[in-house]
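1. Using only what follows, build the 3D model:
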Amino acid sequence: MAILLIKDSDAVHADPVKDLRGCYKRGDVVQVFEDGTQCVIPPAPPFYIVELTGLSKLQAEKYVQSDVDRTDPENPITLRRRRFGLVIADIPLAVRQDLQTNRYIKRPWSQVRAFVKDKITGLGE
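-> Next up, the predicted model:
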């Protein structure tokens with residue numbers, strides 16, 4: 001099982017490049033924890049905790065990767081803070097309300113994976 005710390009609101013910066021490269025957006029996975037990690041439930045705003053059964057920490061590490069331009073391998077450039085995000089608005093209403101009320105949900109990965117999107121392609125997992 002993986003435990004995800006998710007940002008529940010957009011951080012913003014006046015500079016649009018810094019905003020895209022350095023600010024967490026709503027639904028971004030901030031950090032991934034191993035099953036059994038002690039977490040404060042409910043977490044304080046602006047965060048949610050999502051426990052996912054059927055997804056290991058190693059598999060979930062993919063969702064904390066930035067979108068990076070590696071055209072110049074010696075000088076990679078971060079284009080976007082996170083490549084993947086949980087599209088909270090797409091989650092079924094009952095689950096979304098539970099998440100917003102309790103700031104925590106525990107679900108099977110099979111029920112959540114459809115709501116994780118690649119921000120570049122717009123495709124789901």
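
2. phi, psi of the spatially most central residue of the chain?
-> Nearest to the mean C-alpha position of the chain, counting by CA atoms, centre = their mean, stands Val29 at 2.3 Å. The phi and psi torsions at Val29 (degrees, to the nearest 10) take the values phi -80, psi 120.

3. Kindly confirm whether my reading is correct that it touches Ala2.
-> No. With contact defined as CB atoms under 8 Å, Val29 does not count as touching Ala2 (9.6 Å). Glycine gets a C-beta too; all of them are placed from N, C-alpha and C.

4. shared neighbours, these two?
-> Shared contacts of Val29 and Ala2, defined by CB atoms under 8 Å, 6 or more residues apart in numbering, comprise Ala60.

5. Could you find the closest non-adjacent residue to Phe84?
-> Closest residue to Phe84 apart from its sequence neighbours, by CB to CB, 6 or more residues apart in numbering: Tyr63 at 4.6 Å.

6. thinking that neighbour is in contact with Val116, fair?
-> Yes. Contact criterion CB under 8 Å: Tyr63 and Val116 qualify, at 6.8 Å.

7. Run through the residues that contact the residue nearest to Phe84.
-> Residues in contact with Tyr63, defined by CB under 8 Å, 6+ apart, are Leu4, Val29, Val32, Arg82, Phe84, Val116.

8. all helices of this protein, in order?
-> For the chain, helices defined by DSSP state H occupy the ranges 16-22, 57-60, 93-102, 109-112.

9. Rebuild these as JSON lines, extending it with mean pLDDT, mean neighbour count and distance to Asp10.
-> Compiled in JSON lines, the helices of the chain are given as follows (pLDDT from 0 to 100; neighbours: other CB atoms under 10 Å; distance: least, CB to CB, whole Å):
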{"stretch": "helix 16-22", "mean pLDDT": "91", "mean neighbour count": "13", "distance to Asp10": "9"}
{"stretch": "helix 57-60", "mean pLDDT": "95", "mean neighbour count": "15", "distance to Asp10": "22"}
{"stretch": "helix 93-102", "mean pLDDT": "95", "mean neighbour count": "13", "distance to Asp10": "16"}
{"stretch": "helix 109-112", "mean pLDDT": "95", "mean neighbour count": "16", "distance to Asp10": "21"}
